[in-house]
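# generate a structure from the sequence data that follows.
(one chain, ligands or ions: 1)
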Amino acid sequence: MFGLMMDEPLLISRQLAFAQRFHGAVEVVSRTVEGPIHRTSWGAVARRAAQLAHALTRLGVKPGDRVATIAWNTHRHLELYFAVSGMGAVLHTINPRLPPDQLVYVVSHAEDSVLFFDTTFTKLAQLAAARCPSVRAVVAMTDAAHLPADLPGALEYEGLLAPEQEAFAWPELDERTASSLCYTSGTSGFPKGVLYSHRSTVLHSYGIAMADALAISAADVTLPVVPMFHVNAWGIPYAAAMTGSKLVLPGPGMDGKSLLELIDDEGVTSLLGVPTVWANLLAHLKSVDRSLTTVRKVVIGGAACPTSMIRAFEEGHGARVVHAWGMTETSPLGTANVMLPKHQGIPYEATLAVKAKQGRPIFGVDLRLIGDDGLEKPHDGATSGHLQVRGPWVASAYFKQEPTDVGTHADGWFATGDIATIDPDGYMQITDRSKDVIKSGGEWVSSIDLENAAVGHPGVAQAAAIGLAHPKWGERPLLLVVRAPGADPSREEIGAWLETRLVKWWMPDAIEFVEALPIGATGKILKRTLREQFAEYRFTT
Ligand code: AMP
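As a prediction, the model looks like this:
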């Protein structure tokens, strides 16, 4: 027997219509590429998204066509998010940090028909226009006064919208229709396309907005520093529309000073981004001797958040940290770290050990650990295994590839490539990427714990642990350290610091200082490059 409820499809256009109708006056504030701060509202975003959908129709964009963006977090990018998906086309957000050959590859693979770009990225648009035959039109996301001279034929965003009507009959799509496309960072091989649907996006929006997830609400002023070209800015634009949160978009200003200005001027309560961005903000706050006054919550994910960073925000600035884990293939949110009633009243130091974990799954995502033997491992907080996930916002296949290529286990789970533990309370902790594990004497050394302990030292700005061949143990860790500006810690000093924080056999066999660490397109340390660089390195002991 079927229930007798309305079969309303879950559509992105409904999120925007809701924001327009019930939160129309709520502000959307952006730092623009041209410079000034731009103020608009959810109501105006909806009207301009309608104009954009008409303009795209005029340009010949049809349902299912891919429309690309190379752009910062701004109101125009937000309009593209809703207009392209809303009309039934697919928004392909491109990471501007991709190497040129990979950029050409993703545009060609996606067969993008129209390409929108911020003028910062004119060179990349030129490259795509010249080398990708699928691209029929390029649009500079600016006005006539700022149109770049060096890309003849480029259209201008404001001029494109101006003549169009402010209402659009958003189609009643099947909720499984593709809505957006994002390629994985591709640290090895070419990037792979993850194709989201309206259904997965709307369900994920409900999931992340929950109080025990990222807690996005109308009471919040939300600043996603996570780029809109990376996994739909963690789905925040959609959840903000659905909840009527004021949205503050940082444009190209991701440095500590620019972010602090926005936070202060707009009364931001909720920050979301990767650890490297927060390290810069914390350093800036320290240099100007300031603390955050309006921020209540900082969501940190995309890479492991060091305990020292959690402490800095919570003790130094009175903002609660939510450590979160996810990946492009999981829309991205899989787990979020919030405390349980049993943690109330325990000493702060003890809560830090829990908060450093990547958190508990949110409803909609199921987790399990599989050992090298193919068997499921216990959730005892100690046994590590290959992390697998499943749920309605987890990829079942990559774009234009067979489902088996996604790395799914035979019974429909997605193999994340992460190694993790899960404790009896359900807190998952990532110890490594499976291709980065350091295996010493048959046991895994957690490079994340090692790095986390190292960056807790005030003289260490960044740290990376890699496994190098060792005659007795198979592999042993080498720790690479970037010194903090103005600091000059010795190897012995760092070694002594680590000794009090790590089990003995996790101690690095050597510590080397480097000027910088190689960083990939999504801000992650490229361990493979480091292993190549240090391939000839030999431990002396
Ligand atoms: P991407 O698809 O580029 O977003 O990368 C996803 C990968 O980033 C995951 O599989 C993890 O290896 C890593 N990652 C994401 N969040 C965290 C976190 N909180 N702690 C440790 N690693 C993380």
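
# hey, let's count contacts and neighbours off CA atoms from now on
Fine.

# just say helix, strand or coil for residue 7.
Under DSSP: H, G, I helix; E, B strand; the rest coil, residue 7 falls in the coil class.

# ok, now the one 3 residues further on?
On the three-state scheme (three-state DSSP), residue 10 is labelled coil.

# residue boundaries of the helices in the stretch 251-400 of the chain?
All helices of the stretch 251-400 of the chain, identified by DSSP state H, counting those that start in this stretch, fall at 256-266, 275-287, 307-317, 348-355.

# hmm, who's touching the longest one?
With contact meaning Cα atoms under 8 Å, 6 or more residues apart in numbering, helix 275-287 is reached by 225, 254-257, 259-260, 291, 300-305, 309, 312, 523.

# likewise for the third one?
Counting by Cα under 8 Å, 6+ apart, helix 307-317 makes contact with 279, 282, 291-293, 298, 319-321, 352-353, 355-356, 452, 455-456, all of which sit outside it.

# buried set for that helix?
307, 308, 309, 310, 311, 313, 314, 317 (16 or more other Cα atoms under 10 Å).

# what do you get for the shortest one?
By neighbour count on 16+ other Cα under 10 Å, the buried set for helix 348-355 is 354, 355.

# do you know how far residue 336 is from the ligand?
To the ligand, residue 336 is 9 Å away according to Cα to the nearest ligand atom, to the nearest Å.

# again, but for residue 292
As defined by Cα to the nearest ligand atom, residue 292 lies at a distance of 23 Å from the ligand.

# where does the stretch 301-450 of the chain have low pLDDT?
For the stretch 301-450 of the chain, applying pLDDT under 70 flags the ranges 404-410.

# the ligand contacts on that one?
Neighbours of the ligand within the stretch 301-450 of the chain, by Cα under 6 Å from any ligand atom: 301-304, 323-328, 358, 416, 418, 430, 433.

# pull out the buried members of those residues.
Among those, those classed as buried by 16+ other Cα under 10 Å are 301-304, 323-328, 358, 416, 418, 430, 433.

# any idea how far residue 130 is from residue 207?
According to Cα to Cα, to the nearest Å, residue 130 stands 41 Å off from residue 207.

# apologies, that question was intended for residue 6.
Residue 6 is 21 Å from residue 207, by Cα to Cα.

# between the two, which one's more packed in?
Remark: of residue 6 and residue 207, residue 207 carries more neighbours, 23 against 6, as counted by other Cα atoms under 10 Å.

# which of the three states applies to the more buried one?
Under three-state DSSP, the three-state class of residue 207 is helix.

# you'd agree it is up against residue 213?
Yes - look at residue 207 against residue 213 with Cα atoms under 8 Å: they come within range, at 7.1 Å.

# shared neighbours of those two, anything?
Shared contacts of residue 207 and residue 213, counting by Cα under 8 Å, 6+ apart, come down to residue 362.

# helix/strand/coil for residue 516?
Secondary structure for residue 516, judged by three-state DSSP, is coil.

# that one contacts residue 483, correct?
No - contact criterion Cα under 8 Å: residue 516 and residue 483 do not qualify, at 9.0 Å.

# which of the two has more residues huddled nearby?
residue 483 (22 against 13).

# chain neighbours aside, what residue packs nearest to the more buried one?
Closest residue to residue 483 apart from its sequence neighbours, by Cα to Cα, 6 or more residues apart in numbering: residue 460 at 4.7 Å.

# what's the answer for residue 432, then?
Excluding the flanking residues, the one nearest residue 432 by Cα to Cα, 6+ apart is residue 419, at 5.2 Å.

# specify the beta-bridge partners of that neighbour.
residue 386, residue 432 (DSSP bridges).

# okay, now it: neighbour count?
That count, for residue 419 with other Cα under 10 Å as the rule, works out to 24.
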